[in-house]
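Q: Model the following, please.
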Amino acid sequence: MIGKNLSELRRRKGLSLSELADRSGISKSYLSNIERDVHKNPSIQILEKISDVLDVDLKALLINGHSTERVRHDKELYEFAEELKKTGIKKDNIQEYKQLIEFIKWQNEKVSK
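A: Next comes the predicted model:
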């Protein structure tokens, strides 16, 4: 599973094995072995180096490359979402909040013209 996730994430970032090897300091052959599941359990240190280069959470390599991409630049958005969870907002009301946000955006655009 790690191998498949690594291969998918690497390709999605547009990196070759050689580029990932150069940037991570891990040999190309070792990375290839991970991708082909020859090495099924690389060390946490190796996985951390790979995740740093690919700019993904360690979980993305371990669980599913699609589900947990790192959101470094959207930290405020993540924190906002966490605050919303704490307020007890129900999923049924999310659409109403989206409409409210769209209205506020529209007003701001109208005012700035």
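Q: what residues go with each domain of this structure?
A: 2-70, 73-112 (automatic domain parsing).
Q: how far does the first one sit from the chain's center?
A: Mean C-alpha position of domain 2-70 versus that of the full chain (CA atoms, centre = their mean, to the nearest Å) differs by 13 Å.
Q: What's the mean pLDDT across stretch 104-113?
A: The pLDDT scores in stretch 104-113 average 82.
Q: Just the CA trace of that stretch, in CSV.
A: Output of stretch 104-113 as CSV, limited to C-alpha atoms (Å, rounded to 0.1, in the frame of the first residue of the first chain):
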residue,chain,number,x,y,z
ILE,A,104,-20.8,38.6,1.7
LYS,A,105,-18.4,38.1,-1.2
TRP,A,106,-20.9,39.6,-3.6
GLN,A,107,-21.3,42.7,-1.3
ASN,A,108,-17.6,43.1,-1.0
GLU,A,109,-17.1,43.0,-4.8
LYS,A,110,-19.9,45.5,-5.3
VAL,A,111,-18.4,47.9,-2.7
SER,A,112,-14.9,47.7,-4.2
LYS,A,113,-16.1,48.6,-7.7
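Q: For burial, what's the neighbour tally of Leu61?
A: 25 (other CB atoms under 10 Å). All C-beta atoms are positioned from the backbone trio N, CA, C, and that covers glycine.
Q: what sits up against stretch 9-29?
A: For stretch 9-29, contacts defined as CB atoms under 8 Å, 6 or more residues apart in numbering pick out 31-32, 35, 46, 49-50, 52-56, 60-61, 65.
Q: and these, which are buried?
A: Among the contacts of stretch 9-29, those scoring as buried are 31, 35, 46, 49-50, 53-54, 56, 60-61, 65 (criterion: 16 or more other CB atoms under 10 Å).
Q: which residues does Arg36 contact?
A: Contact analysis of Arg36 by CB under 8 Å, 6+ apart lists Gly3.
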